[in-house]
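Undergrad: Below are the sequence and a predicted model; questions follow.
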Amino acid sequence: MLDAEWTVRPYAAPVIRDAERCPDPVRSAVMRQRWLDLAYVHWRYDPAVVQALLPEGLEVDTFDGAAWVGLIPFSMRGIGLARGPAVPYLGSFAEVNVRTYVRAGDRPGVWFFSLDVDRMLPAATARLTYRLPYCWGRTSHRRTGDTLTTVVRRRWPDRVADSELVIEMGDPVVADDLDVFLTARWGLYSRARRGLRYAAVDHEPWPLRTARLTAVDESLVVASGLPAPSGTPHVRASDGVSVRIGRPRRTSAH
């Protein structure tokens with residue numbers, strides 16, 4: 001059950017590496033929220049294929065010679081602005097994003113191809129304020145025991161074939177180098193009227209778990225302009241973290 005007393009379960013690793021801590025903590029957050037019951041499904045891609053979809057000023061980040069594209073469903077809870085209280089109803093919803101990992105100069109971050117939610121107002125607001133590609137439709141993400149089930153029926157700004165994802169969460173796991181590369185990301189990039197904007201994202205280290213993918217539809221990935229993924233995906237899960245997001249600022253790779 002999710003309530004005001006929710007806390008993150010203890011992290012499994014006996015030692016937290018510096019790479020798993022936010023190097024530039026957000027002192028004055030413009031937004032607070034909790035990301036709960038996440039599934040991480042990542043595929044390897046040719047870096048040139050992903051780079052072709054990125055705006056000028058961003059360079060695809062690679063691990064083991066590959067770009068990585070993730071399909072990430074989770075439950076967003078308790079969104080609040082600055083130090084104000086959480087927003088009722090509109091501040092809690094399911095989200096499913098398709099993302100990759102990038103750098104502008106020496107600053108790593110996340111680039112979102114799409115973010116599907118089931119609340120029209122937050123989707124439209126995020127498009128206007130953070131200039132992120134939020135989409136609206138019938139999006140659900142539910143946890144039953146250790147089973148995560150996600151369904152997306154996108155309706156705006158375009159229609160995409162229905163997508164379903166089912167994950168079985170396993171035992172706590174010590175993060176390896178790939179896990180850190182995929183999850184320890186401390187900011188997000190978005191388009192600005194001219195150039196790019198960057199917003200810092202601060203949270204505790206991810207409490208990761210093993211996971212088994214039992215069903216997946218890749219239509220959201222393909223809708224981003226990418227070819228259908230191939231090969232065995234890298235799969236993890238997490239009970240979640242509490243998040244502080246900084247004010248978006250214009251940035252440059254130079």
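TA: Nice, I can see it. Residues are numbered from 1 along each chain as shown.

Undergrad: CA atoms for contacts and neighbours, from now on please.
TA: Fine.

Undergrad: And the lowest mean pLDDT element among the helices and strands of this protein?
TA: helix 120-129 (a mean of 77; mean pLDDT, DSSP states H and E).

Undergrad: quick one: buried residues of that one?
TA: Pro122, Ala123, Ala124 (16 or more other C-alpha atoms under 10 Å).

Undergrad: likewise stretch 206-215?
TA: Buried-residue list, stretch 206-215, by 16+ other C-alpha under 10 Å: Trp206, Pro207, Leu208, Arg209, Thr210, Ala211, Arg212, Leu213.

Undergrad: Pairing partners for the fourth one in the sheet, please.
TA: Pointing back at Arg209 there. Arg209 has these beta-bridge partners by DSSP bridges: Pro172, Ala237.

Undergrad: how about it, what does it touch?
TA: Met169, Gly170, Asp171, Pro172, Val173, Arg236, Ala237, Ser238 (C-alpha atoms under 8 Å, 6 or more residues apart in numbering).

Undergrad: Could you do the third one as well?
TA: Leu208 makes contacts with Tyr11, Ala12, Pro172, Val173, Val174, Ala175, Arg236, Ala237, Ser238, Asp239, as judged by C-alpha under 8 Å, 6+ apart.

Undergrad: Could you report the pLDDT at it?
TA: Here, the pLDDT recorded for Leu208 equals 97.

Undergrad: What is the neighbour count of Ser230?
TA: By the criterion of other C-alpha atoms under 10 Å, Ser230 has 9 neighbours.
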